[in-house]
Each structure stands twice: as C-alpha cells, then as structure tokens.
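*Asks:* how would this look folded up:
(one chain, ligands or ions: 1)
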Amino acid sequence: MNAKPSTALSPSEMQSFWMPFTANRQFKANPRLLVRAEGMHYWSADGREILDAVAGLWCVNAGHGRREIAEAVGAQLATMEFAPTFQMGHPSAFELANRLAAIAPPGLDRVFFTNSGSESVDTALKIAIAYQRARGQGSRFRVIGREKGYHGVGFGGISVGGILNNRKYFAASMLPGVDHLPHTLSIEHNAYSRGLPAWGAHLANDLERLIALHDASTIAAVIVEPLSGSAGVILPPVGYLKRLREICDKHDILLIFDEVITGFGRVGKPFGAQAFEVTPDLMTTAKGLTNGAVPMGAVFAARKIYDAFMQGPEHTIELFHGYTYSAHPAACAAALATLDIYAREGLLTRAATLAPQMESAVHSLKGLPNVIDVRNCGLIGAVEMEPRAGRPGTRGYDVFLKCFERGVLVRQTGDIIALSPPLIVEPADLARIAEVLGEAIRGTA
Ligand SMILES: Cc1ncc(COP(=O)(O)O)c(C=O)c1O
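*Replies:* A predicted model of the protein is given here:
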C-alpha cells in the first residue's frame, strides 16, 4: 500500500524541535520523516515503504496500526480523558495492575505506574531505598549498577547507568554512593556466540568485591538489565544472573531487573526474568506495555516490598512518590487492548518460536567486511563492526543510513547495529532484514 507522498519540511519548519538523542544539524540537513505505519512497515514522507526492524524504538511489539488499541484509547478519551490517581482512582488502573500481575514472574504482583522507562527506573530506585528505611535498614543507601548499563536519562538512571556520553556532563550531579559491576561484553571470549554466551558467569562475583569494599549494610540494591539493549545488545553469560541473585540473597540486597527492553515478549517469555529463570525483587518496564501507542511505564514490586510500606496509621500516605499521569486512563486503555492482542496472538512467547530464524538470519552476516561479532537472543540481534580509526560510530551510522535508503529501519549504537523487530515478524521479513543489512555492510568501507 502506498502512502500519499507529503511535502518535505523546510529548514525553518524544523528549527524549533530540539530532537532527542539526535545529531540535530545533520538530521535537519537531510531529514528522515516517517508519516504512516501499518503491520511491519513505516512509510516515509517521500512515499517509500520501510520495513521496521526495531519495533519503532523497541516498543511496537504487536506491530503498527492496531485498530483495537486506537479504538480503546479513543473510547476512553471520549468517556473520561483524565482522572487523578492521587487519593482517587479509576477502574481500569486497578484492572490493568491485576492483568499485569497475572503475567509477571511469581510474587511480583504489586504494580506502580509511570510514564516512561526513565521514570520506572527512578521509581524503582526510590522504592528500593525507601524500603530499606521502612524495614529499619536506613544505612543501606547505595545502589550498584553496571558498566555499559542504560537505565534512561533521569539523574538516578544515569548514575546507575554506565554509558559515558550520558554521564560525563553530569558527573557532579550523580546519586551519591553508586558503584558499578563490570559489563559482560567480551568479544575476545564470546564472539559469534549463538544465544547466551558461555564465558563470563564469574563476572557476577565482582559484586562480592564491591560488598567487601562498601559493606552490605550500606547497599540497598543492585540494578541490571537482564540483557542490555541500548548499549548494543550485551547478553548475560550463562549462569551470570543466577549468581547475581545468589549474592544479593546472601547479603540481603534487593535485585532490580530493568526490563524496559526485555519486557513484553522480546526474549520469548513475557519477561526476561522468566526467560532467564531468575526472579528479581523489583522489575522496571515501559516499552511494549502499550505497544508504543501512549507513553506508560510500570514498576513491578515483590509483595514483601509493598507490605513493608503498609505499616503505621492507615491515614498516612505510605510512599511520597507518583506522577500526575501515573495510570492515565488513555494509557490504561491502550495497555489493556495491547495485553488482549498479546494474549490472543500468542505474541509474548512468539520470540521463542522465531529465535532460531533470527539467529540464522543475523549469523549469516559473519564474515562480511569489518564485522567483528554477531549476537542474538529471542527476537533481538546485533552486528558489531570494527570502528574506523579515530572516527568511532561513523561506520555504524553509514550502515544505518544505507539500510534506511534501501527500505529497512535498524537501530545504530556506535558501530553496532541492533535488530528488534515487532513480534509479528515473519521469517521472510527476517531474511529480508539480513539481506539488506548485509548489502549495507558490504557497501560501507
Ligand atoms: C533498559 C532501559 N531502561 C530504561 C530506558 C529508558 O526508557 P525511556 O526512554 O522510556 O525513558 C530504556 C530505553 O531504551 C532502556 O532500554
């Protein structure tokens, strides 16, 4: 189906929008505008069909243009566009929390709503620190993150995160007392692993070193992505997450999984915790919750954490935290409609069925010029290329651009190309994505 080509925007029409995580001047000199989407595709302003190999930004898990979601949101807005959830409530917020609890890992059945992944992370960090105080362990104020971790852009998230460019300007404004585990990417030991890499479970033992340095009595929580997406798809070595869980248990430290990317079916189960068989105490989610239709995030908490707050006189507000738009009615409507689609179409486990096709599609790129690693898990794939001397990231950008020109939208992080197509993807789409990415890599010096 062809979209009617729309007029390109002039430089003056584009001047006011300060674009996020974008080279603004480069983009505005040569814009890439998307105007319509359906199924596995976007359409660009110049009328081209673009195969979406990244589910928008890892969020449109059920594919584009889902009428049921649009209709549910429209009906909700027509009935009641907003209702406060501070000392008030509306039915679909409670219904959604129950529906989410029903698909969550066992025990993670208390749900706090936010509007984004960054807000989910800051909320989880605050809950973890406040929980320690609520149970009489207020000296536990530290949070341990991980190198190369991405936990959004709030001050909490960049503090526990480990991505240099997100941190360097704000070094003086970080949360106090944060430390970091080593990341688990090792091309030297694990290049071209299929699925989870075999080498590296011992990297979790570094937590014991940090505990020996800071003492467990000062540590509230450890936060990691079970599988990092934004830093360029970094997989947990076999046994690594279990080891982290054991060390946290031994020292009575909370374990937080940031599942903003792994949540809602990306790795073959509803959540990474289930796919990797390790249950955290808190879980942050966002992308995928509403299929990208309305901003929304959710933090899942273990019942013991919720219960620790439910003390003291009943008239007291137990947690001084929340957002005007926590559990916004339109977001709840979108999320409920999304969960219906996921259940009806089996999308929360479809990545497990398609993982072998994803794996062979991305690993077919091994041996192409400059490729130094290929990684995959569920419906996530990545190809890492050697950076150009003195110009890191330019090769990745050129490949991204070539893919877009040839009709495939991929995600570039430095010299890594990440793939995370909608969970409705078909094997023929995966083959096409690999073909176009392969051509782009071959055509880039
Ligand atoms: C693991 C993780 N946490 C948090 C975030 C931040 O989410 P948002 O951009 O919705 O704030 C992201 C976004 O990519 C993410 O991948």
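
*Asks:* need the three-state assignment for Ala373.
*Replies:* I think there's a mix-up here, since residue 373 is Asp and not Ala. When the structure is reduced to helix, strand and coil (DSSP: H, G, I helix; E, B strand; the rest coil), Asp373 reads as strand.

*Asks:* checking Phe257 next. Helix, strand or coil?
*Replies:* Recorded secondary structure, Phe257: strand (three-state DSSP).

*Asks:* touching, it and Gln274? I think so.
*Replies:* No: judged on CB atoms under 8 Å, Phe257 makes no contact with Gln274 at a distance of 10.7 Å. The C-beta positions use only the backbone N, C-alpha and C, and glycine is treated the same way.

*Asks:* give me the more crowded residue out of these two.
*Replies:* Taking Phe257 and Gln274 together and counting by other CB atoms under 10 Å, Phe257 has the greater number of neighbours (32 against 19).

*Asks:* contacts only, for the more buried one.
*Replies:* Going by CB atoms under 8 Å, 6 or more residues apart in numbering, Phe257 touches Ile223, Val224, Glu225, Pro226, Phe271, Gly272, Ala273, Val278, Pro280, Leu282, Met283, Thr284.

*Asks:* among the residues you listed, which ones lie close to the ligand?
*Replies:* Cross-checking those against the ligand (CB under 6 Å from any ligand atom) gives Glu225 as the overlapping residues.

*Asks:* filter the contacts of Phe257 down to the buried ones and hand me the PyMOL line.
*Replies:* Restricted to buried positions by 16 or more other CB atoms under 10 Å, the PyMOL selection for the contacts of Phe257 reads:
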select buried, resi 223+224+225+226+271+272+273+278+280+282+283+284
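
*Asks:* quick check on Ala37: phi, psi?
*Replies:* Phi and psi for Ala37, reported as degrees, to the nearest 10, are phi -150, psi 140.

*Asks:* over to Leu108?
*Replies:* Recorded main-chain torsions at Leu108 are phi -90, psi 60, according to degrees, to the nearest 10.

*Asks:* any idea how far the nearest residue in space to it that is not next to it in sequence lies from Pro105?
*Replies:* Among residues not flanking Leu108 along the chain, Phe300 sits closest, at 4.1 Å (CB to CB, 6 or more residues apart in numbering). Computed as CB to CB, to the nearest Å, the Phe300 to Pro105 distance reads 8 Å.

*Asks:* neighbour count for these two, which is higher?
*Replies:* It is Phe300, of Phe300 and Pro105, that has more neighbours when counted by other CB under 10 Å, with 29 against 21.

*Asks:* wait, that one sits on Gly107?
*Replies:* No: contact criterion CB under 8 Å: Phe300 and Gly107 do not qualify, at 9.4 Å.

*Asks:* quick revisit: quick one: which of the contacts of Phe257 is nearest Thr349?
*Replies:* For the contacts of Phe257, the minimum distance to Thr349 (CB to CB) is 11.5 Å, reached by Phe271.

*Asks:* and that closest one, its phi and psi?
*Replies:* Listed backbone geometry of Phe271 is phi -130, psi 160, with angles given as degrees, to the nearest 10.

*Asks:* re the thing from before, give me the common contacts of Phe257 and Gln274.
*Replies:* Between them, Phe257 and Gln274 share no contacting residue, judged by CB under 8 Å, 6+ apart.

*Asks:* neighbours of the closest residue to Thr338 other than its chain neighbours, how many?
*Replies:* Nearest residue to Thr338, sequence neighbours excluded (CB to CB, 6+ apart): Asn291, at 4.4 Å. Neighbour count for Asn291, taken as other CB under 10 Å: 28.

*Asks:* could you do Gly89 as well?
*Replies:* The criterion is other CB under 10 Å. On that basis, Gly89 has 12 neighbouring residues.

*Asks:* that one is in what secondary structure piece?
*Replies:* Under the assignment given by DSSP states H and E, Gly89 is not contained in any helix or strand.

*Asks:* Gly145 too?
*Replies:* Remark: Gly145 resides in strand 142-146, with elements defined by DSSP H and E.

*Asks:* tell me the buried residues in the next helix or strand after that strand?
*Replies:* Scanning forward in sequence from strand 142-146, with DSSP H and E defining helices and strands, the next element found is helix 155-160. Of all the residues in helix 155-160, those buried under the rule 16+ other CB under 10 Å are Gly156, Gly157, Ile158, Ser159, Val160.

*Asks:* roughly how far out does helix 155-160 sit from the chain middle?
*Replies:* Shown here is helix 155-160, whose average C-alpha point lies 15 Å from the average C-alpha point of the whole chain (CA atoms, centre = their mean, to the nearest Å).

*Asks:* quick check: Tyr131 vs the ligand, distance?
*Replies:* The span separating Tyr131 from the ligand equals 20 Å under the rule CB to the nearest ligand atom, to the nearest Å.

*Asks:* how about the residues of the protein by the ligand?
*Replies:* 116-118, 121, 150-152, 225, 229-230, 258, 260-261, 286.

*Asks:* so which helix or strand takes in the residue nearest to Leu108?
*Replies:* Using DSSP H and E, Phe300 maps to strand 297-301.

*Asks:* who touches both of Phe300 and Pro105?
*Replies:* Overlap of the contact sets of Phe300 and Pro105 (by CB under 8 Å, 6+ apart) consists of Met283.

*Asks:* before we move on, back to that, could I get the buried residue list for the strand holding Gly145?
*Replies:* Neighbour-count burial for strand 142-146, counted by 16+ other CB under 10 Å, picks out Arg142, Val143, Ile144, Gly145, Arg146.

*Asks:* ok, now stretch 99-119?
*Replies:* Neighbour-count burial for stretch 99-119, counted by 16+ other CB under 10 Å, picks out 99-100, 103-105, 107-119.

*Asks:* same thing with stretch 302-309?
*Replies:* Neighbour-count burial for stretch 302-309, with 16+ other CB under 10 Å as criterion, is recorded at Ala302, Ile305, Tyr306, Ala308, Phe309.

*Asks:* understood, closing this out.
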